[in-house]
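Student: Build me a model from this:
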Amino acid sequence: MRIFYGLLIGLFVAFFELFFVKFLSIKGIIPSLIPVFVLFAAFYGGRRMGLWAGFMAGLIMDFYARYYIGIGIIFYSSVGFVLGNIRNKLLFDSTIGKLLSLLIVNFLQSSILWISSRPESVLNIFMVSILPKILYSTFLGGIILYILLLVFSKISYIAALFRFIKK
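Tutor: Model prediction:
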């Protein structure tokens with residue numbers, strides 16, 4: 001069942017990223033919300049759910065993105081698996097740990113996509129487009145991640161629907 005929910009979360013976030021995230025842009029900075037939902041799947045459902053959510057989101061994004069096919073699948077799957085494995089460690093139990101992991105994932109994602117697009121000017125592109133995107137994605141994603149984890153853990157009837165996912 002974790003695989004099914006992971007694939008469902010990945011499908012949802014990929015279509016959300018493709019069609020609706022452009023409405024959240026501020027001054028041309030479009031956030032990336034795929035890491036938020038992959039982290040949610042990993043923190044809530046474990047490594048298997050994070051792996052499959054990352055796989056599905058990466059697969060769909062690879063077909064629609066300008067970079068090489070396979071980068072998204074490998075990156076998001078590995079992020080979901082690794083963070084699902086270490087979700088119960090001391091650092092990741094706190095909100096600061098989850099925000100820090102989101103910041104690191106956003107930085108790695110932007111760096112990989114930037115390297116795969118063959119950049120011309122290193123410092124100019126980083127300061128103008130990559131750094132604001134990382135900060136905005138982390139800010140907006142942190143709010144969404146906190147709300148998702150709060151809703152799924154505190155509201156009893158939603159938690160009851162997904163009780164077989166939790167370990």
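
Student: can I assume Asp62 is in contact with Phe75?
Tutor: No. Using Cβ atoms under 8 Å, Asp62 is not in contact with Phe75; the gap is 9.8 Å. The C-beta positions use only the backbone N, C-alpha and C, and glycine is treated the same way.

Student: mind listing what the most centrally placed residue in the chain touches?
Tutor: Centroid-nearest residue in the chain, with Cα atoms, centre = their mean: Pro35, separated by 1.0 Å. Counting by Cβ atoms under 8 Å, 6 or more residues apart in numbering, Pro35 makes contact with 76, 79, 102, 105-106, 109, 137, 141.

Student: Apply 6 Å and report the result again.
Tutor: Neighbour list for Pro35: 105-106 [criterion: Cβ atoms under 6 Å, 6 or more residues apart in numbering].

Student: May I have the secondary structure class of it?
Tutor: helix (DSSP: H, G, I helix; E, B strand; the rest coil).

Student: Check the spacing between it and Phe19 real quick.
Tutor: To Phe19, Pro35 is 18 Å away according to Cβ to Cβ, to the nearest Å.

Student: Kindly report the same for Ser25.
Tutor: Ser25 is 13 Å from Phe19, by Cβ to Cβ.

Student: Show me which of the two is the more surrounded one.
Tutor: Per other Cβ atoms under 10 Å, whichever of Ser25 and Phe19 has more neighbours is Ser25, with 12 against 9.

Student: Let me know the secondary structure of the nearest residue to that one once chain neighbours are set aside.
Tutor: Once flanking residues are discounted, Ser25 sits nearest to Pro31: 7.5 Å by Cβ to Cβ, 6 or more residues apart in numbering. Following three-state DSSP, we place Pro31 in the coil state.

Student: which other residues reach the helix or strand that contains Gly58?
Tutor: Gly58 is located in helix 47-64, with elements delineated by DSSP states H and E. With contacts defined as Cβ under 6 Å, 6+ apart, helix 47-64 is touched by 2-3, 5-7, 9-11, 13-14, 18, 34, 38, 41-42, 69, 72-73, 76-77, 79-81, 84-85.

Student: of those, buried ones?
Tutor: Among those, those classed as buried by 16 or more other Cβ atoms under 10 Å are 2, 5-7, 9-10, 13-14, 34, 38, 41-42, 72-73, 76-77, 79-81, 84.

Student: For the chain, give me the ranges with low pLDDT.
Tutor: By pLDDT under 70, the low-scoring segments of the chain are 1-2, 65-68, 88-93, 116-129, 154-167.

Student: Longest helix of the protein, counting residues only.
Tutor: Looking across the chain with DSSP state H, the single longest helix is helix 131-154.
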